[in-house]
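Engineer: okay, predicted coordinates and the sequence, questions at the end:
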Amino acid sequence: MFEIIFVIAVSLYFLELIIFTVGVGKKYKKLDDENLPFISVVVAARNEEDNIIDCMTSLNNLIYPEDKIEIIIVNDHSTDSTGNLIESFIKNKPKFKTVVPGESIGHLKGKTNALANAIKISQGEVLLTTDADCIVSPTWAKTLASYYQDDVGFVGGFTTQYDSSAFEGMQAIDFVYLLTVAAGSINLGKPLSCIGNNMSYRRSAYLAVGGYESLPFSVTEDFKLLMAIHDLKKYKIIYPLDGEGLVTSKACPDWKTLFWQKKRWGVGGKESDFIGYMVLVWGYLSSVAVLLTPFLFTSVALYLSIFKFGVDYFFVKPIFNKLNLKLKFTHFLAFEIYFVFYVILLPFIVLPNKKVKWKGRTF
């Protein structure tokens with residue numbers, strides 16, 4: 001009986017990944033350079049003294065018409081030297097601005113309030129966001145902005161992570177895996193996820209939903225905004241697989257930080273709908289089956305586990321190739337072990353309570 005359930009779970013999981021692969025492969029028209037919109041790049045930074053200079057340096061190196069870009073760095077009440085580093089770096093760089101949130105807009109708090117304060121003073125037709133621990137490619141802004149045909153309201157991008165160790169490498173693969181699912185589902189008209197360190201949206205779409213202050217509080221504010229724009233039924237939401245729009249972030253430095261990151265994402269994922277939960281269910285059952293394989297001692301279970309690992313590998317490998325990234329097999333093995341355990345444990349972490357700790361704050 002278990003083997004039959006295992007076969008069904010892995011088969012449906014395989015079917016899901018085929019569907020996401022079809023979605024992520026969709027192509028979209030791009031604007032010519034002369035038609036690029038005026039953009040505002042927004043970065044919220046809280047206690048990022050170890051990262052902010054590298055981030056701002058990469059933003060300063062963006063290839064984009066100088067008269068069509070502004071970059072707003074929000075010092076979100078940092079208690080370290082982040083504010084001083086921002087002020088020093090942006091001096092004599094007119095495309096940069098900085099702001100310290102002086103007020104809470106509506107019910108907003110934390111990063112969402114920082115973003116809303118920056119957007120309030122921004123001027124761009126298109127808004128791009130990344131995080132202070134990220135390095136953007138020189139072509140990042142131009143790539144995302146070039147997809148804004150008149151009917152497009154949201155464009156997502158891919159993020160990877162530095163992978164100098166197996167611990168970092170498994171997180172980097174996890175990012176690419178999850179964003180491939182996000183891109184595939186969005187491009188097929190069913191948004192399931194996105195990531196705020198590489199996303200963009202049209203100002204008119206943001207204003208049409210009333211801004212962040214009109215949305216219910218969420219620890220995954222990026223996904224909340226995505227769904228609000230989707231619900232307008234007015235704009236196209238797309239997620240192109242384009243290596244020119246890549247962002248690289250720092251991996252979580254330890255298990256404790258990784259725990260809170262995954263819990264934050266899991267708490268946000270509770271707001272998903274039936275289809276989102278079905279995607280999770282088949283992934284969950286497949287992981288349970290793989291974990292139980294050593295205790296079953298059957299050839300069918302073993303073959304299905306190997307098949308599941310192979311499916312995952314050939315799901316992410318073409319994406320790594322397209323993004324001009326190297327997929328290290330040892331890191332993939334670490335990812336597979338980590339992936340099985342965290343998928344199984346996540347419900348037990350998320351369901352008891354919604355408490356989340358992030359950037360020195362508790363939500």
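Structural biologist: Received, thanks.

Engineer: show me where the stretch 151-300 of the chain has its strands.
Structural biologist: 152-156, 159-161, 199-202, 236-238, 247-249 (DSSP state E, counting those that start in this stretch).

Engineer: ok, the fourth one: who's next to it in the sheet?
Structural biologist: It stands for strand 236-238. strand 152-156 (parallel) (DSSP bridges).

Engineer: touching, residue 196 and residue 129? I think so.
Structural biologist: Yes - applying CB atoms under 8 Å, one finds residue 196 in contact with residue 129, separated by 5.7 Å. For every residue, glycine as well, the C-beta is placed using N, CA and C.

Engineer: hey, what's in contact with both of those two?
Structural biologist: Common contact partners of residue 196 and residue 129 (CB atoms under 8 Å, 6 or more residues apart in numbering): residue 222.

Engineer: in terms of neighbours, single out the busier of the two.
Structural biologist: residue 129 (23 against 20; other CB atoms under 10 Å).

Engineer: ok, that one to residue 62 distance?
Structural biologist: To residue 62, residue 129 is 14 Å away according to CB to CB, to the nearest Å.

Engineer: give me the common contacts of these two.
Structural biologist: Counting by CB under 8 Å, 6+ apart, the contacts common to residue 129 and residue 62 are residue 41.

Engineer: helix, strand or coil for residue 48?
Structural biologist: Look at residue 48: counting by DSSP: H, G, I helix; E, B strand; the rest coil, its state is coil.

Engineer: what's the burial count for it?
Structural biologist: 25.

Engineer: OK, contacts around it?
Structural biologist: Residue 48 touches 55, 78, 80, 82, 132-133, counting by CB under 8 Å, 6+ apart.

Engineer: one more pass at 10 Å, please.
Structural biologist: 54-55, 73, 75-76, 78, 80-82, 85-86, 131-133, 359 (CB atoms under 10 Å, 6 or more residues apart in numbering).

Engineer: just the residues you listed: which are in helices?
Structural biologist: 54-55, 82, 85-86 (DSSP state H).

Engineer: by neighbour count, which of those residues wins?
Structural biologist: Highest neighbour count within the ones in helices among the contacts of residue 48, by other CB under 10 Å: residue 86, with 26 neighbours.

Engineer: pretty sure it contacts residue 44?
Structural biologist: No - at 11.6 Å, residue 86 does not count as touching residue 44 under the criterion of CB atoms under 10 Å.

Engineer: what residues are shared contacts of those two?
Structural biologist: With CB under 10 Å, 6+ apart, residue 86 and residue 44 have common neighbours 73-75, 132.

Engineer: between the ones in helices among the contacts of residue 48, which is nearest residue 342?
Structural biologist: residue 55 (27.4 Å; CB to CB).

Engineer: now do the contacts for the closest one.
Structural biologist: Residue 55 touches 43, 45, 48, 73, 89, 130-136, 249, counting by CB under 10 Å, 6+ apart.

Engineer: got phi/psi on the spatially most central residue of the chain?
Structural biologist: For the chain, residue 195 is the residue whose C-alpha lies nearest the centre (CA atoms, centre = their mean; 2.1 Å). Per-residue torsions, residue 195: phi -140, psi 130 (degrees, to the nearest 10).

Engineer: got a list of what it touches?
Structural biologist: Listed by CB under 10 Å, 6+ apart, the contact set of residue 195 reads 129-131, 156-159, 175, 178-179, 182, 220, 222-223, 226, 247, 249, 265.

Engineer: burial of residue 31, as a residue count?
Structural biologist: Other residues near residue 31 number 16, with proximity taken as other CB under 10 Å.

Engineer: separation between it and residue 190?
Structural biologist: Using CB to CB, one gets 26 Å for the distance from residue 31 to residue 190.
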